[in-house]
Structure formats: C-alpha cells, structure tokens
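S.K.: This is the structure alone, sequence omitted:
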C-alpha cells in the first residue's frame, strides 16, 4: 500500500472532530462527463442517527459546527491529481508540494478507481499510469464550498454589549499564562472569540510586555518601538494634571498592516477621578449598524478612508499614512477588520462631493452606536492589569481624568500579530488535543 | 487673521506641485440646496495657458500627473466644518482632530462666506457662530473624486518584462545607501515603482541586512526571526550538492500580513552550474492575464486560496496559515498584492466543485505567463549582492544547481514593512523637496 501519512500534514487545518470521524467511503465512481469523482459515504457506527445523515441535510454537530452531511461528495480530477501526496508529488519533510502547475495536465483523466481498506482509502490510476491514494478522512474534510470553517481562523466571534462583557470578561493570571500551555491557549482563543481579555497581576515594570511577547513568540515592531510608555503628569512640575477624553479608536489605523492585538499594561495608576478605559465591540456595532441602516453599513464597508500620524520618534521624523475601510469585510460579507480613529482621519475622501453627506451620516451613526450606553463598557485599570484587545475588532478609549497632586500614571503598550497568534493557537490546538 | 498653519500638517499627503501651485479663489458661493460651497478658481500667472485651464478639461501637468483642471470645485458644508483646523478643533502639536463625530451637527449650516487675502483663504461663519478659515492651497488639493493620486502610495508602477528589466534594473552601492538620504530615497522609490532593485557591495556577513534594516528603521520580525540564513551544502560531508528548481513564489504567503519587501543577500556564492535567481513582475503578468482571459483574472482576484507552512523553528513548532487572493485588487480594480506559492497551497478550495476546473485553468495560465520567456528574468547573484523585492508584486525563484566539491553558498533573508518604507519615503520626499 502506498503511504498516505503525508496527508497528515494538513490535519491541523481541519476540524479535529471531522478529521477523526472515521467515515468510510462506501462507493467511489467516475463521472467522465463532469470530470468528477463521486463518493458515497458510509457513516461510522458512533453516529447516533445514521439514517438521517444519509439524507442530504444540514445539522448541528456535537462540536457546535454546522455541517452539511451529504450523502455524496464530489472531487474534480484535476484537484485530486494536483493533491497527490506520494513521494514524487509531495515532500513530507518540508511540507511542500513538489509539483508545479506548469506540469499539471488540465485534461488529466482516469478510468481506474477503487475503494481500498474497507473504505479507508480510494486509489486512482491516472491516464499517465501515475497512481494516487487518498485517505477517506482527508476526502471527508475537503468538501469544497461545504468545507467546515477553519478551526482557528474561523472561530466564531461572540458579540457583546456592555452588560454582557461585564459578566463574561475572563481574567487570566500573568504567572499562569507564563507557565501553562493550556492557559496560554485559552487566553489566545478568548482574544479571538471575545476580542477582549484581562491579565491580572503582571509585574509592575516595563519588562512585563516583553516577557509576554516572548512567551507567545515576538512583539510587533512599529515606528514606536516594541514597547512604548505613556506617563502622566507629562510635566512633573504641573501640580494638577488633567487630561481630556481619548475618543474611541483602533490603534495604528494609519498602518496598512494594522497591528492585530494590543497589549495595554498599567504599571502605575494615579489617584484621582476619571481615567477609566472605554471599550466597545466593533463587530457587534457593525452588525447593529447593518440592521439599522444597511446603506450606512454599505458606505463604511466600501469606501476607503485615509488616516495619518506624524511626529518625531527615535531616529527622526515619521509620517505614517494608510487607506483603510472603516469596516473591512471578508468574502462572505462578514466584518473582519475595523479601522477607526477619527482624530487621525485625513481630509481626503475620494468620492463625489455629493456622496460626502451620506458618508458623514454613516460615520456619525457608527460613532453614536459606539458610544451608546448599551455598547460602551468602562473599566478602570489597576496596577498589574494588562488589557488585551483584538485591535481588528474592539475599539478603545479613555475618559478624561484629574490626578491628585503627587500621584503618577504609567502605561505601556505593545502589539502582537495575528499571524503569530494563529500559529501558536493551531499548534497548541493539536498538541493539547482540543 | 485666524492662523491657518495647522493645515500644513496635511501638506505631505498631497502632490507637492499642487500644494505649492498658488491658485487663488476667485469666487466662493453657497449652494443651500445641495449644502455645497462652490469655488471658482483663478489660476496663477505662472500657468502657461490660463485660458485653456479655465475650461473644464484634463491635461498633463509638468510633473507628469494627469490633473483634471476644473473651472470650479465644490465642498460639502459638513466636511468643511469637520476639518476646521482652528485651535479649538485641531491640535497642531499632536496632529490630531480634537472633535468627535458625536458632536458634529449633520445639519451644520452657514450663510456667511468670504474670500480673503486676495483669494488665498476663504472664511466661513457657521450658524453656531464658529468661524473657520481654509487656505486655498488645501482646498485646491482636496478635490474629492478628482483628488490627485497620493504622492507616495500611488506612485504608478512601471510594469516590466524580461528584456525591459535587464536594461532598466538599477544598482545601488551599499555604502551610498547607508550615508546619503537622496540615495536612500531613490532606492525606496525604485522598490515602489519597479518592484525590484539591486544593492551591490554589501558587507559579506550576516550583519549587512540588520544594518540595512536599521538604516530604514527596523526589520519585520517573523516566525523565522529577523534575519534567516540558508546554507548549501546542508551536509558538508556530501561531496556533490545538487538542488532542484525553486518555483516562483512570493514569500510568507501563509501570512495574513505578508511582508512587503524582501531583502535577499548573497554572502557566499558557490562555484558550479545553475542557481540563477528567477524574477518576474507579477503586476505585469496579472495585466497580461486580464487581457488574455478576463474570466481567469476575475477568478484569481475574487476567490480565496489557503497557504500553509509548518515546521520547527526557534522556540518550537509553528503552523502558519493564511487565506489570500492570488491577485488582490484595490478599490479601483488594480492589482495591489500578489500572493502565490504553489508549493504551500493547501487542498482547501471553498467553491463549488464544478468551479474548480475553471480555477485551475486560471492558475495554470497565470503560472504559464510567469514562466513565459518574455517575462522571466534571470540573474545569478554575486557575493555582496542584495536583491530587493516588492514582495506584494515581484515573484522570485531559483534555478536548480550543482555545486563544485568544496564550494559553499550562503544567503540571508530579511523583510521590511511597506508601512515603514512609505513613512520614510514621505518624510524624505518633503525634506529633499522632491
């Protein structure tokens, strides 16, 4: 039997329950007219209602995923040929395809197919005598437009409003995060699903975020360095320090590649009134906007807005600028990134002047929803707290404050990339056997 | 007169020639029905054909930009009110708007407008008695859908094929790049417009790319660290080392935030046959694809493809995975990012199986064009060379090679973010008075 272990390299991109479902191929046949292999499935004995599943239907699986359990699935010849994982076609050590699309024959054909090993594999001999073997678990996972959501990237968001997050917000202990992989996994998963987590009892020094970055992998470098500090009072001679509201924003909206996750660490908190952090679920607000005013939602998700920031930092002057949609959508029309920072918005709007009033109406409605009391969550940080924010989703701000004489405030900020966090999540997901 | 210097903070986001064009406002009037301020322009005496410009027409300016020189331009009340740069509305020191959209009155109105200082400013008194002054240069630059392209982000690409790049490829001396801001600017601009540059005579050690990164700002951190090395032979005991073709790809296609610029440094080049770098302009190929087969172009620019890479690196196992379109388009339908790495492509295609054959036809045609001799440029690196690639645009690969016994090959790779390079370009653009 040809080895099929190489297909295992893709296991982590699929739902673990599907990968391990052990469904067997009952029948595999060739449809020469369409160039498709049609597979009929035999569902495992562990399935509670086998007969129901044989009918084409949508049902909720135990893991909460909605899976279209079809009687049959189909696989284009060209795709099967392209994904042959034999030693000649695939290098298991480097996890790369050895073949180039130039050499792939678009007319690739076969007349020989068999179901092997009690339905655990199918075997195809191609017209050029190349032989390919495909495991049923891999075929079952690959259902094209019916493929299950990615177990990491597609973890569904839990939308929240102020009263919901108040109960739901999860606290993680800094020490546990640094030592337990399970806690690390839970924490990163929470950033993905809820967009907001809290770390308690972090060391009250500037090293804490670097330690956290190292624990995950690395911190994202920006024009502001890896970890940047904000102090108050800015001038210690000023006896009473006051600051105005910091309006809702996502961070570094003037970057084309906005940082994915923000870590906001309170090293010292001042004595005095105000200074609460304000937080809001941008995805939830986008959803509300779409319901209330679809035209406004359409405007904010289709027009580019430009943001900028300039100043002096480290080696010299910087001038960051980027174009972003306030609500970026994925191919399914779901919000995937919020870019909003009214105070950094440039005057450039590349649309007909006649459309501008509508666009302002949309921006203002979105803003009003951000500040709606049902959405706006406030929390006053304590020394040792790290607020962790999905910067593609949750907007943050700060209420104005007045410090007592002699008191101090010291915060640090750092960023993580989603690319890094997704990678860590995916590896731990498999290692912890989630 | 109210100070209008705060508008200067936006100067760098506009065409410098437009900003300095000194056009004067001839007349400004209110159109209450549409809520627009209509401005008629007086063009400067330095304009060669003033009468022609008074007619609404498109013409090529001396700087090579195509500017629609309109007799009149219009400005929505709400937008003007929002961009008041007086001390109450705008903080010049931090370059931020002080106002929040919540407080902006969508019905903002005015009945008082005047043209001041021989047409250098317009002054508006709003219905709440707030007064705003706008400089004509800023108004002239802000023409909404007729706004000139951004001087940095929109620098037009020079598409190339193999014979064109052979003549056109520009070499920069490492030492000059490290010391001259003009050379640094020219080099970064060349990465933007051509997508490919060559640095000669870099130090033949692993520090060279770090020095280069520091010169620009910082290197992008990835799962592979900041600078990663490739050696051959991998096993020095192997007397004859051979390697196969490395097919065309963009780097780190399995990142959602793919690195924008790749630096590929040759520290040691082997003796023997082959090993030439292969390079191709992905934007040029995308353009060719669109002409030859619009349906293929549409498929590659609308469907997500998934890429992955897993292995062991530094602290442990990584599993990078991302969804990208092979050809990502901007709002104008122009290619803005190529993500292609056939050897890292996963089996997941979230489309109906019936569409898969068409998608393969599109991918294969794109690939065939990449390898078309008219497009494919080859260059064998010498020790001290750094190939610099716009990783959103230019694909690279390497021909197979066979090394002479005892010879060695050592390359390092590092990445820069476009966000950083755009910032540096924009600052130097102004400082060097380009």
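M.R.: Nice, thanks for sending it over. Note that the structure is a prediction, hence the values are computed from the model and not measured.
S.K.: Going by C-alpha atoms from here, please, whenever you check contacts or count neighbours.
M.R.: OK.
S.K.: any low-confidence regions in chain A?
M.R.: Per-residue confidence for chain A (pLDDT under 70) gives these ranges: A:1-3, A:44-70, A:236, A:238-239, A:314-315.
S.K.: who are the neighbours in contact with the spatially most central residue of chain A?
M.R.: The centre of chain A sits closest to residue A:153, judged by C-alpha atoms, centre = their mean, with a distance of 4.8 Å. With contact set as C-alpha atoms under 8 Å, 6 or more residues apart in numbering or on different chains, residue A:153 has these partners: residue A:422.
S.K.: cool, residue A:288 as well?
M.R.: When contacts are counted by C-alpha under 8 Å, 6+ apart, residue A:288 touches residue A:369.
S.K.: Now whichever residue of the stretch 151-300 of chain A sits closest to chain B: closest residue in space that isn't a chain neighbour?
M.R.: Taking C-alpha to the nearest C-alpha, chain B has its nearest neighbour within the stretch 151-300 of chain A at residue A:255, 5.8 Å off. When the adjacent residues along the chain are set aside, residue A:255 lies closest to residue A:322, with 5.2 Å between them (C-alpha to C-alpha, 6 or more residues apart in numbering or on different chains).
S.K.: cool, residue A:335 as well?
M.R.: For residue A:335, the nearest residue in space outside its immediate sequence neighbours is residue A:329; the separation is 4.4 Å by C-alpha to C-alpha, 6+ apart.
S.K.: The one you found - how many residues pack around it?
M.R.: 15 (other C-alpha atoms under 10 Å in any protein chain shown).
S.K.: My guess is it contacts residue A:337. True?
M.R.: Yes. Residue A:329 is within contact range of residue A:337, at 7.1 Å (criterion: C-alpha atoms under 8 Å).
S.K.: domain parsing for chain A?
M.R.: By the record's domain assignment, chain A is partitioned as A:5-146, A:162-431 (automatic domain parsing).
S.K.: which one of those is the most hemmed in?
M.R.: A comparison of the domains of chain A by mean neighbour count, using mean count of other C-alpha atoms under 10 Å in any protein chain shown, puts domain A:162-431 on top with a mean of 19.
S.K.: What is the longest helix of chain A by residue count?
M.R.: helix A:353-371 (DSSP state H).
S.K.: That helix vs chain B: in contact?
M.R.: Yes. Applying C-alpha under 8 Å from any C-alpha of the partner chain, one finds helix A:353-371 in contact with chain B at A:353-354, A:356-357, A:360-361, A:363-364, A:367-368.
S.K.: residues contacting residue A:95?
M.R.: A:9, B:309-310, B:344.
S.K.: between these, which is nearest residue B:273?
M.R.: residue B:344 (27.1 Å; C-alpha to C-alpha).
S.K.: coming back round to it: what does the longest helix of chain A contact?
M.R.: Helix A:353-371 has contacts (C-alpha under 8 Å, 6+ apart) with A:248, A:280, A:282, A:285-286, A:288-289, A:295-297, A:299-300, A:349, A:375-376, B:34, B:74-76, B:78-79, B:101-102, B:104, B:106, B:144-145.
S.K.: Among the residues you listed, which are located in strands?
M.R.: Judged by DSSP state E, strands contain the following of these: A:248, A:280, B:74-76.
S.K.: Farthest-apart pair in these, please.
M.R.: Within the ones in strands among the contacts of helix A:353-371, A:280 and B:74 form the most distant pair, 35.9 Å apart (C-alpha to C-alpha).
S.K.: Can you tell me which of the ones in strands among the contacts of helix A:353-371 comes closest to residue A:41?
M.R.: Each of the ones in strands among the contacts of helix A:353-371 was scored against residue A:41 by C-alpha to C-alpha, and residue A:280 proved nearest at 45.7 Å.
S.K.: quick one: contacts for the closest one?
M.R.: By C-alpha under 8 Å, 6+ apart, the neighbours of residue A:280 are A:161-162, A:370, A:375-377, A:394-396.
S.K.: right, and the helix or strand after the longest helix of chain A?
M.R.: Using DSSP states H and E, the helix or strand that directly follows helix A:353-371 along the chain is strand A:377-379.
S.K.: Now find how far off-centre whichever helix or strand comes after that next one is within its chain.
M.R.: Downstream of strand A:377-379, the next assigned helix or strand under DSSP H and E is strand A:386-390. Computed by C-alpha atoms, centre = their mean, to the nearest Å, the separation of strand A:386-390 from the middle of its chain amounts to 14 Å.
S.K.: And for stretch A:421-434?
M.R.: Centre to centre, stretch against its chain (C-alpha atoms, centre = their mean), the figure for stretch A:421-434 is 14 Å.
S.K.: what does stretch A:343-360 give?
M.R.: The chain centroid and the centroid of stretch A:343-360 are separated by 29 Å under C-alpha atoms, centre = their mean.
S.K.: ok, now stretch A:160-179?
M.R.: The chain centroid and the centroid of stretch A:160-179 are separated by 18 Å, computed with C-alpha atoms, centre = their mean.
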